[in-house]
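[1] A predicted structure for the sequence below; I have some questions about it.
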Amino acid sequence: MTDFQKYIQRYLDQIPSEDWFPELKISEDKTVGIYSNLTEEQSKFAYAEGKWTLKGLLLHLSDTERVFQYRILAFARGDKNNLPGFDENEYADQSFASERSLESLLDEYKLVRKSSQILIETMNPKALQNIGTANGHEISVETIAKLIIGHNYHHLNIIEERYLSKLGWM
């Protein structure tokens, strides 16, 4: 297994069910459930110096999902270009999440997720098997769709273990 495959697998292993498509909604509901119960002040919390705030993490989920959506669309439509990678920390530094309300970030997350659901559920099933190249690595449309879910669950685990526990939720 290559380093890239190991990197991908750590996210795929987060998906609790083989029936992955419903997990888009389940992971969304869990994320919305947590963020809907945070105060604006709590959303500014970072568990350690130099770590993202809960607001920043939520916008990271939306940003990453948008990148994955573009890759899904491009590869499903047969694009053979090598799509670039992205630096999640650079995106976070330029996001200005702290200047936005928690409500606006949560609304954005829900809209981005709805867009993912529509994109994937209306896709011809054959297109899920299309392969494209992103950041120099071949990957299938279906795998990218699963990465949306696994990436979300990965961060939900971090939120529960490192953020909510320090906020006294757990």
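    Yes, it's here. Numbers count the residues shown, from 1 in each chain.

[2] center of the protein, which residue is that?
    Leu61 (4.0 Å; C-alpha atoms, centre = their mean).

[3] surely Tyr70 is in contact with Leu83?
    Yes - using C-beta atoms under 8 Å, Tyr70 is in contact with Leu83, at 7.3 Å. For the C-beta atoms, the positions are set from N, CA and C on the backbone; glycine is no exception.

[4] the residue nearest to the centre of the chain should be in a strand, yeah?
    No - checked against DSSP: H, G, I helix; E, B strand; the rest coil, Leu61 lies outside a strand; its state is helix.

[5] shouldn't it be in contact with Tyr109?
    Yes - contact criterion C-beta under 8 Å: Leu61 and Tyr109 qualify, at 6.1 Å.

[6] what sits in contact with each of those two?
    Common contacts of Leu61 and Tyr109 (C-beta atoms under 8 Å, 6 or more residues apart in numbering): Thr31.

[7] tell me which stretches of the protein form helices.
    Using DSSP state H, the helices assigned to the chain run over residues 3-12, 22-36, 54-76, 88-93, 102-121, 141-158.

[8] ok, which of these comes nearest Leu167?
    helix 54-76 (8.7 Å; C-beta to C-beta).

[9] and that closest one, what does it pack onto?
    helix 22-36, strand 82-83, helix 88-93, helix 102-121, strand 131-134, strand 137-140, helix 141-158 (3 or more C-beta pairs under 8 Å, 6 or more residues apart in numbering; DSSP states H and E).
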